[in-house]
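> how would this look folded up:
(one chain, ligands or ions: 2)
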Amino acid sequence: MAGISWHYVLKFIITGDAAVGKSSLLVRLTDQRFLANPDPTLGVEFGSKLITIPEENKIVKLQCWDTAGTESFRSITRSYYRGAAGCLLVYDVTNRTTFESCRTWLADVREHADPHLTCILVGNKVDLCASEDGDAPRRREVPAEEGERFAQEEGLLFVEASAKSGENVQEAFERAARDILAKIQQGVFGDDRSPGVKTSRPTNNNLTLDQAGSNGRCCT
Ligand SMILES: Nc1nc2c(ncn2[C@@H]2O[C@H](COP(=O)(O)OP(=O)(O)OP(=O)(O)O)[C@@H](O)[C@H]2O)c(=O)[nH]1
Ligand SMILES: [Mg+2]
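Ligands and ions are numbered 1, 2, ... in the order given. Take a look at the predicted model:
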């Protein structure tokens, strides 16, 4: 592969309460698999993936920092928020407390990340609300409409997803990336002002999506 193969690198953070499935969403994105018993994250973990945004003819490298939800790591994880251009704010649709915590997480993110950050609220574990696999369905504690309403009030994107089934996982990252690209085009993110957005060198501008298809694999 000659040179780098992306138009933009975008820094993402993944936040939310412990055990809502942050690491599982990242592993689903980068490795297309689901871990039934992942270890809790100690501090932060990192994953990255190339995605294409065909309608923009752009190849985007997502650099994702997956943070621990446990309170004792809060001061460490906060330091990774700095300059982030995108955020997945995750809760568990079967656990109302994790949804209620989102307000606090959001305030924290807004205080420490790029002020123009794009945040997508992700209601995870929707697979538990269906009973198709024979397990007894768990009661949904957060209706989709409530998630949607909170997102609208706070100017967030919103999606319900499942790291287990893969439903809407890549879509969540792509929707946020599209929104960031739109902000870049509007001049909201500037090269020097926004450490969470990196633009490729001019020599890379002729990159085509075909090239990305052959090179674009996950690279954690
Ligand atoms: N059914 C179901 N279980 C999930 C899903 N996502 C995660 N889990 C499970 O939820 C538990 C916690 O998942 P993690 O990905 O470790 O959660 P986390 O948010 O990274 O937790 P911390 O790192 O401690 O903050 C694990 O047992 C996962 O297998 C999902 O979409 N559906
Ligand atoms: Mg984790």
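> who are the packing partners of the top helix by length along the chain?
Counting by DSSP state H, the longest helix found in the chain is helix 169-185. On a contact count with 3 or more CB pairs under 8 Å, 6 or more residues apart in numbering; DSSP states H and E, helix 169-185 meets strand 8-16, helix 22-31, strand 44-53, strand 58-67, strand 86-92, strand 118-124, strand 157-160, strand 197-199. C-beta: built from backbone N, CA, C; applies to glycine.
> and that helix, which residues are buried?
For helix 169-185, a neighbour-count test (16 or more other CB atoms under 10 Å) marks 169-170, 172-181, 183-184 as buried.
> then stretch 149-163?
Neighbour-count burial for stretch 149-163 flags 150-151, 156-163 (criterion: 16+ other CB under 10 Å).
> thinking again about what came up before, adding distance to ligand 2 and mean pLDDT, write the helices and strands packed on helix 169-185 out as JSON lines.
Below are the helices and strands packed on helix 169-185 laid out as JSON lines (distance: least, CB to the ion, whole Å; pLDDT from 0 to 100):
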{"stretch": "strand 8-16", "distance to ligand 2": "8", "mean pLDDT": "96"}
{"stretch": "helix 22-31", "distance to ligand 2": "3", "mean pLDDT": "98"}
{"stretch": "strand 44-53", "distance to ligand 2": "7", "mean pLDDT": "95"}
{"stretch": "strand 58-67", "distance to ligand 2": "6", "mean pLDDT": "96"}
{"stretch": "strand 86-92", "distance to ligand 2": "10", "mean pLDDT": "98"}
{"stretch": "strand 118-124", "distance to ligand 2": "12", "mean pLDDT": "98"}
{"stretch": "strand 157-160", "distance to ligand 2": "19", "mean pLDDT": "98"}
{"stretch": "strand 197-199", "distance to ligand 2": "25", "mean pLDDT": "83"}
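> turn the ones you listed into TSV, including distance to ligand 1.
What follows is those, written out as TSV (distance: least, CB to the nearest ligand atom, whole Å):
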stretch	distance to ligand 1
strand 8-16	6
helix 22-31	3
strand 44-53	8
strand 58-67	7
strand 86-92	7
strand 118-124	5
strand 157-160	10
strand 197-199	25
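> interface residues of this structure facing ligand 2?
22-23, 41 (CB under 5 Å from the ion).
> ok, now with 8 Å
18-19, 22-24, 38-41, 45, 66-69 (CB under 8 Å from the ion).
> PyMOL command to pick out the buried ones of the residues you listed?
The following PyMOL line selects those of those that are buried, judged by 16+ other CB under 10 Å:
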select buried, resi 19+22+23+24+41+45+66+67+68+69
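> hmm, who's touching stretch 181-189?
With CB atoms under 8 Å, 6 or more residues apart in numbering as the test, stretch 181-189 has contacts from 8, 53, 56, 58, 60, 85, 114, 116, 118, 180, 196-197, 199.
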